[in-house]
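1. Kindly generate the corresponding structure for this input.
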Amino acid sequence: MPIHKVVTDFLPLSTDPSRISIGDWVEIKGGDVYAGSLGLVIHNDSRLEYSPQDRLTVLTLPRIPRSPVEEESMFETGLGPPPAPLYFADAQQVSNLYTSLDILRWGEDSGRPIWADPLASGCIDHQSCPPDHSRDFFFHGHILQCGLVLLVYRMSDIKRAPTVWDPKIIEIFSSSHHPQVINMRMPIPNSWSFEKNDNVQAIKGFISEHATSTTGVVIEVSDLTCEVSFNGERNVVSKHALIKSFEPGDQVIIPNVGSGTFAMNATDTKAVVFFDERTQSVLTSEKHAETTGLFHLNTLILASSLRADSSFANSTRVDSQAPNPSSPNVNRLRPSIWVGKPVLVTKHPIRNGYRGVITDVQISATSLSGISVWVSYEAINIPREWLDYSQVRNLE
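-> This is a model prediction of the structure:
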């Protein structure tokens, strides 16, 4: 049976994989306060300087100080404020703050935002579209568009971005309505999880019409795509074109939240999940009294699919202190989702802020989240230990 290739993901426009060009998502390597920031390479702007010629324009989230305290910290540490969108009203507020304090460190020309050139709007509803989506503006020596900033970098100062991103960063980019961003396929949120045998449905317009009317089964998973069988027809499909499918009553895991029961689809991509008692107990202790939650379908993991196969259950353990996997009281989990993940320990009586790596995982009826992880600490003098999954935060 032939495999149909469906090219629907964000891909570089350059045919040379080592060369970065317009339309590529990149990471800024370092050298300034934007080190580690993610952005999109766009067409050069005639208002910016490009000398020498090996420079590119990167559209990214501003890290512009919004107070004298943030500015002073940036000069002392070399680290910019956290990345966040900056709109004209925000810039006016910053300018007014500096004026009220009689501080003109930035200079009179760059201290006040000034509207500039028209900008092609990416909004669907133009009547409710804010001015920031139809014009760019100058502030602090930068050009800002739709809350994002245009920066110029040498080719050697940027590299290709990772294939998965923090979903919060993706949301900021996608909600900017910047005309360049909406025309590019966004990177994949690192909160999404696809595994073999997952049931999925394809979004219309990405594959043949007859395949979108049936539920497919994931056969293989790669960084950006999944190989899916739709009634025996195998397709390689972008993860952006797939939505996981669940049945009412399915027990699901919500990473970094807990577990519960799938209730129904609230929208084409969101699901209502009823939290189980352990998860409700954790949320209550954190002053959240919710009994249900709304989650993207691709972030949910079918609990029954996490049972490991016999080959893993009989594999060598990473440490002799860990429980015996052959014990009937230990519920094994599929290791690929968890093992090797760097984590930050939180909610620990003595080790808050410590870093480590998950080296094993199991279902636990006694833990609040329902999952226990075996954490190997970076510090060599600290013994490894089982922690509740709610006590760690994924660092990827």
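2. ok, residue 31 touching residue 156?
-> No: here residue 31 lies out of contact with residue 156, judged by C-beta atoms under 8 Å, at a distance of 9.7 Å. C-beta coordinates here come from the backbone N, C-alpha and C atoms, glycine included.
3. Compare the two and say which is more crowded by neighbours.
-> Set residue 31 next to residue 156 and count neighbours by other C-beta atoms under 10 Å: residue 31 wins out with 12 against 9.
4. Pull the contacting residues for the closest residue to that one other than its chain neighbours.
-> Excluding its sequence neighbours, the residue lying closest to residue 31 (C-beta to C-beta, 6 or more residues apart in numbering) is residue 157, at 6.0 Å. Contact analysis of residue 157 by C-beta atoms under 8 Å, 6 or more residues apart in numbering lists 28-31.
5. and those residues, which are buried?
-> Applying 16 or more other C-beta atoms under 10 Å to the contacts of residue 157, the neighbour count classes 28-29 as buried.
6. With secondary structure added, can I get the contacts of residue 157 in JSON lines?
-> Listed next are those as JSON lines, based on DSSP: H, G, I helix; E, B strand; the rest coil:
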{"residue": "28", "secondary structure": "strand"}
{"residue": "29", "secondary structure": "coil"}
{"residue": "30", "secondary structure": "coil"}
{"residue": "31", "secondary structure": "coil"}
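7. just the contacts of residue 157 now: which is nearest residue 142?
-> The closest of the contacts of residue 157 to residue 142 turns out to be residue 28 (C-beta to C-beta; 14.6 Å).
8. Hmm, that closest one is touching residue 60, no?
-> Yes: here residue 28 reaches residue 60: they are 7.1 Å apart, a contact under C-beta under 8 Å.
9. still on that earlier bit, measure the residue nearest to residue 31 to residue 26 for me?
-> 10 Å (C-beta to C-beta, to the nearest Å).
10. helices or strands next to the longest helix anywhere in the chain in the packing?
-> Using DSSP state H to define each element, the chain has its longest helix at helix 88-100. On a contact count with 3 or more C-beta pairs under 8 Å, 6 or more residues apart in numbering; DSSP states H and E, helix 88-100 meets strand 135-139.
11. Point out where the stretch 1-150 of the chain drops to low pLDDT.
-> Under the criterion pLDDT under 70, the flagged ranges of the stretch 1-150 of the chain are 1-18, 103-110, 122-128.
12. Now do the strands in it.
-> With DSSP state E, counting those that start in this stretch as the criterion, the stretch 1-150 of the chain has strands at 3-5, 25-28, 38-42, 55-60, 114-118, 135-139, 142-145, 148-154.
13. Would you mark the buried spots in the fourth one?
-> Neighbour-count burial for strand 55-60, with 16+ other C-beta under 10 Å as criterion, is recorded at 55-60.
14. No further queries at this time; thank you.
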